[in-house]
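>>> sequence and predicted structure below; questions after.
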Amino acid sequence: MAVTAASNDKIKVLIFEAKDLNVKNAKIYCELILVDDKGIAGKNVKLTKTIRESSLKWNQPFDFPVNGFKGLRVRCWEKHLIRKDRLLGQFLLDINTTQLINEPFDQWVNFSSLKSNELNAGSLRIKIDYEEAGKSSLSRSTAKTVTGTTSTSTTTTTTTTTTTTLSNGENLPKTREALKNSVVIIQEQLLDPDEENQFEDLREGSANVTFKPLVGFDLTLSADRLDLSSSSHNSEYATADVYISGGKWFYEVRIGGTCNLDIGWATKKFNPKSKGVGQSWTYDGLKCSSLVSGEKFEDFGEAWKAGDIIGVGFNADQNIISYFKNGHFLGVAHRNVRSEERFVPIAALNRNATASFNFGSKPFAFEQEGFSPLFSRLTKQQKEELKKLFDRYTVEANPIIQGEQLLLFAADLLISDPTTDSALLVLAWKFSAETQWQFSRDEFINGCVIHGCENMQELAAKLRLWKEELLNENKFISFYKFVFDYLREEKRIITTDEAIQVWDILIKPRDWGLYNKWVEFLKNENKTAINKDTWNQLPSFMKEYPVDLNNYDELASWPVMYDEFVEFIKNS
């Protein structure tokens, strides 16, 4: 007997895991989009579900309303940016909800790749089931692997070819089975036209970041909207006009007045007057506690006083919020900070508290390495020009600066010889590049925006300043440690030849008296690999033994390779 759908029934979707994806970095973004019967995503309701994890095994369930559930587009993206050149593969599922009541779907589905030279784009195990109100589901089927078309029924089916018309008027060929099946898989070869050149900035909003009170709240703001004060006995909320979706960001707050306030981050739509809408993660230094949506979460931090400068660091890639007091690290106050919305800085003040904010329009009192200021030195139009500038150094089929295009890029930055100049390594450090000897679109554009470089002349000038920064020992150590992770990528080690090549650029000019002997030791003793500990300890070893090893302490905890180097020197 057939079962009819009730308005409060649900479609349960469970994403198990993916395999064989063509990706170096295991951080994958899986996106589920509810679509209509033409394969077009809805515009007026919240239909997109996302997963961001550092593993391909998610076991992540989602609920969708039955009403309007016609189909589901599934996509996997590399890392954390939704952009065409990060897309690993996608497929579209045509859903017959009535049939789904009796016939759950549990399959390994092969992705269709948007790259014509890739035959295998990997696959994803997905389970879809119908859940009647008050009853459980997701327990009735066994996974199978399919490509192109599928049927979860044991009944013989027929295959027909039809088309889907996209909103740009193009017909999208698809192979599908008769709709008596609960789910039909459609292999898509095109992106929606409005996403064809999509680029999602890590940061969006005002260039000159300022505050505005949330609806229903009253705060006094200075002319530049960066100094806040409150005379209320209740918490008065304000958020900044900048929104971020990834990256590592930092701002500072000078505490004043009664010091009765909390500061941190919130989701874009958060408002404490609207219960259940959004969320906030903050720190109250008067009560020494972290708060979630205004409620105490746990004891945290140190007491602050008027005049203290509190740094707020948000690593949106690792989903953690940390705090600093007058440059001293207080710790991580919040972990697992996640949302489908963008994030925004937030402050809540009461009882004559005051706060002055610096988003980077002036130098930070206590700059924190690895974080970027929220203040943007470029306008939206200037960002668009940066995209055109990036395209000058790429080929259409591969939108990445690499190979010969990288040499052209280096020449325009006045880098005469990238094999002997540290400039490209310094640029990779400042742009947080992930793959050696190449720059992606988002790394280039976000790097230029963050550092206020509108063109190649400004970038070249900035690069000269960054190289001068390395005269500061702390800056050099930070850069030097970055280089190892940059070169090793997913490996635990780098080759000795590679290490020597980079040491010739970074270490040899520092006039270490034992450098030539060090290189001779590595080559003569056939050392094939350098691990992270050996790499990181070299500057300290150089400082401890600048000329000779006469006073070498064998009981010190140097890496084994340094002990072997000492023996080599003694024997020679």
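That came through fine.
>>> how far away is the residue lying closest to residue 438 once chain neighbours are set aside from residue 484?
Spatial nearest neighbour of residue 438, excluding adjacent residues (Cβ to Cβ, 6 or more residues apart in numbering): residue 402 at 3.7 Å. In this view, the C-beta of every residue, glycine as well, is placed from N, C-alpha and C. In this structure, residue 402 and residue 484 are 21 Å apart, going by Cβ to Cβ, to the nearest Å.
>>> rewinding a little: got the phi and psi for the residue nearest to residue 438?
Phi and psi for residue 402, reported as degrees, to the nearest 10, are phi -160, psi 170.
>>> separation between it and residue 305?
When residue 402 is compared with residue 305 (using Cβ to Cβ), they lie 51 Å apart.
>>> what about those two, which has more around it?
More crowded of residue 402 and residue 305, by other Cβ atoms under 10 Å: residue 402, with 18 against 11.
>>> unless I'm mixing things up, that one is touching residue 436, no?
No: under the criterion of Cβ atoms under 8 Å, residue 402 is not in contact with residue 436, lying 9.7 Å apart.
>>> surely residue 99 forms part of a helix?
Yes: assessed with DSSP: H, G, I helix; E, B strand; the rest coil, residue 99 lies in a helix.
>>> so how far is residue 105 from it?
Plainly put, residue 99 is 10 Å away from residue 105 if you go by Cβ to Cβ.
>>> flag the shaky bits of the stretch 201-350 of the chain, pLDDT-wise.
In the predicted model, the stretch 201-350 of the chain carries pLDDT under 70 at residues 201.
>>> quick one: the helices in it, in order.
Secondary structure of the stretch 201-350 of the chain by DSSP state H, counting those that start in this stretch: no helices are present.
>>> tell me the buried residues in stretch 430-440?
430-434, 436, 438-440 (16 or more other Cβ atoms under 10 Å).
>>> of those residues, closest to residue 348?
Set against residue 348, the nearest of the buried residues of stretch 430-440 by Cβ to Cβ is residue 432 (31.2 Å).
>>> so residue 99 and residue 105 - more neighbours on which side?
residue 105 (27 against 18).
>>> ok, that one touching residue 125?
No: with contact defined as Cβ under 8 Å, residue 105 does not count as touching residue 125 (10.9 Å).
>>> pLDDT on stretch 403-418, on average?
Mean pLDDT, stretch 403-418: 92.
>>> same deal with stretch 556-572?
Average pLDDT, stretch 556-572: 91.
>>> what about residue 15, how many neighbours?
21.
>>> now do the SS call for it.
strand.
>>> and it, what does it touch?
By Cβ atoms under 8 Å, 6 or more residues apart in numbering, the contact list for residue 15 reads 30, 32, 51, 58-62, 124-126.
>>> next up, identify which helix or strand residue 485 is on.
Remark: residue 485 resides in helix 473-488, with elements defined by DSSP states H and E.
>>> that helix packs against which elements?
helix 423-430, strand 493-495, helix 496-506, helix 532-544 (3 or more Cβ pairs under 8 Å, 6 or more residues apart in numbering; DSSP states H and E).
>>> okay, those in CSV with distance to residue 550 and mean pLDDT next?
Putting those into CSV (distance: least, Cβ to Cβ, whole Å; pLDDT from 0 to 100) gives the following:
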stretch, distance to residue 550, mean pLDDT
helix 423-430, 34, 94
strand 493-495, 30, 92
helix 496-506, 23, 95
helix 532-544, 12, 95
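>>> most tightly packed of those?
helix 423-430 (a mean of 22; mean count of other Cβ atoms under 10 Å).
>>> what sits up against whichever helix or strand comes after that helix?
Per DSSP H and E, the first helix or strand lying C-terminal to helix 423-430 is strand 439-440. The contact list for strand 439-440, computed with Cβ under 8 Å, 6+ apart, reads 85, 399-402, 406, 409, 427-428, 431, 433-434, 447.
>>> ok, now how distant is residue 253 from residue 448?
From residue 253 to residue 448 the distance is 27 Å (Cβ to Cβ).
>>> dump the helices and strands packed on helix 473-488 to TSV, plus distance to residue 461.
Shown next, in TSV, are the helices and strands packed on helix 473-488 (distance: least, Cβ to Cβ, whole Å):
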stretch	distance to residue 461
helix 423-430	12
strand 493-495	31
helix 496-506	21
helix 532-544	28
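>>> which of these sits closest to residue 478?
helix 423-430 (8.1 Å).
>>> just the terminal-to-terminal distance for stretch 253-262.
Terminal residues of stretch 253-262 lie 11 Å apart, using Cα to Cα, to the nearest Å.
>>> report the distance from that stretch to the chain centre.
31 Å (Cα atoms, centre = their mean, to the nearest Å).
>>> one more: stretch 403-422?
Computed by Cα atoms, centre = their mean, the chain-centroid distance of stretch 403-422 equals 27 Å.
>>> what does it contact?
Residues from elsewhere that reach stretch 403-422 (Cβ under 8 Å, 6+ apart): 393-395, 401, 423-424, 427, 437-439, 456, 459-460, 463, 467, 470, 501, 504-506.
>>> same question, stretch 263-270
239, 243, 253, 277-283, 291, 293, 310, 312, 314, 321, 333-334, 337, 339, 341-348, 355.
>>> just the ones in strands from those residues, please.
Using DSSP state E, the members of the contacts of stretch 263-270 that fall in strands are 239, 243, 253, 280-283, 291, 310, 312, 314, 321, 333-334, 343-348, 355.
>>> in the sheet, who's paired with the nearest residue to residue 493 once chain neighbours are set aside?
Excluding the flanking residues, the one nearest residue 493 by Cβ to Cβ, 6+ apart is residue 529, at 4.2 Å. Per DSSP bridges, residues listed as beta-bridge partners of residue 529: residue 495.
>>> check which residues of stretch 285-294 are buried.
Buried residues in stretch 285-294, counted by 16+ other Cβ under 10 Å: 285-286, 289-293.
>>> and that stretch, end to end?
From start residue to end residue, stretch 285-294 stretches across 14 Å - Cα to Cα.
>>> swap in stretch 217-231?
End-to-end distance of stretch 217-231 (Cα to Cα): 12 Å.
>>> off-centre distance for that stretch?
That offset, for stretch 217-231, works out to 32 Å (Cα atoms, centre = their mean).
>>> list the buried residues of it.
217, 219, 225-230.
>>> and residue 425, what does it touch?
Applying Cβ under 8 Å, 6+ apart, the residues near residue 425 are 479, 483, 486, 502, 505-506.
>>> need the max-distance pair from those.
486 and 505 (13.1 Å).
>>> ok, back up a step: buried ones in the helix holding residue 485, by neighbour count?
Buried-residue list, helix 473-488, by 16+ other Cβ under 10 Å: 479-480, 482-484, 486-488.
>>> same thing with stretch 513-522?
Here stretch 513-522 shows 514-515, 517-519, 521-522 as buried, counting by 16+ other Cβ under 10 Å.
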